[in-house]
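*Asks:* The amino acid sequence is not available; the structure is as follows:
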């Protein structure tokens with residue numbers, strides 16, 4: 001059955017610049033080219049929900065489970081290079097942070113990733129473009145399966161939004177996520193997204209780290225009893 005928007009799927013993928021250089025993958029033989037110590041992980045996402053590149057979302061709608069090759073132009077991938085994102089910065093900005101601005105190094109500047117192009121005198125030229133901006137890319141994708149289990153769907157959204165494997169439970173049409181109290185307001189900002197994709201009302205239940213640790217100890221203690 002052809003895939004549609006909001007469907008959840010699990011895929012294996014490798015992304016390459018059109019000349020063949022791998023930049024992302026969850027397939028072991030390709031991932032090792034980037035980092036020999038990296039571990040492969042399943043990738044589950046919802047089509048059309050900005051959990052992957054829009055160009056890939058658009059391509060997958062109407063396709064079937066199986067292997068696909070997707071070629072994307074810069075405007076469908078990581079955007080075109082913007083000359084305005086190449087900026088000059090005084091070297092003292094780096095020195096104040098005890099950073100040596102060596103050409104080729106990438107740094108986080110208030111949430112923006114910039115790569116040093118040149119450093120001479122008291123000036124440093126930094127490129128804030130995505131390293132893949134302006135490049136044509138190719139994704140080899142193997143759609144392994146369509147996800148039907150609601151728990152897998154929830155887990156994939158939680159990991160995508162919060163980079164955490166959050167505890168949760170479903171009561172009637174309500175999804176209750178257990179999060180640290182400091183995260184409650186942040187999580188609640190995504191109520192509409194959970195409702196739209198999963199048709200579940202979201203409740204963020206705030207807990208203390210200490211409380212969470214106590215629960216884990218109690219769980220471990222019970223499991224050790226015979």
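*Replies:* Received, thanks. As the structure is a computational prediction, the values presented were derived from the model and not from experiment. Numbers count the residues shown, from 1 in each chain.

*Asks:* So which bits of stretch 126-135 are buried?
*Replies:* Burial within stretch 126-135, assessed by neighbour count using 16 or more other CB atoms under 10 Å, is assigned to 126, 127, 129, 130, 132, 133, 135. For the C-beta atoms, the positions are set from N, CA and C on the backbone; glycine is no exception.

*Asks:* so what's the residue most central in space within the chain closest to, chain neighbours aside?
*Replies:* Of all residues in the chain, the one closest to the mean position by CA atoms, centre = their mean is residue 160, 5.5 Å from it. Spatially, and ignoring its direct neighbours in sequence, residue 160 is nearest to residue 51 (5.3 Å; CB to CB, 6 or more residues apart in numbering).

*Asks:* Kindly state the beta-bridge partners for the residue lying closest to residue 104 once chain neighbours are set aside.
*Replies:* Among residues not flanking residue 104 along the chain, residue 116 sits closest, at 6.6 Å (CB to CB, 6+ apart). Beta bridges link residue 116 to residue 126, judged by DSSP bridges.

*Asks:* right, and residue 116 touches residue 99 too?
*Replies:* No - when contacts are counted by CB atoms under 8 Å, residue 116 is not listed as touching residue 99 (9.5 Å).

*Asks:* who has more neighbours, the two?
*Replies:* A direct count of neighbours by other CB atoms under 10 Å for residue 116 and residue 99 places residue 116 higher, at 20 against 14.

*Asks:* I'd like to know how far the residue nearest to residue 104 sits from residue 124.
*Replies:* 6 Å (CB to CB, to the nearest Å).

*Asks:* what residues are shared contacts of the two?
*Replies:* residue 101 (CB atoms under 8 Å, 6 or more residues apart in numbering).
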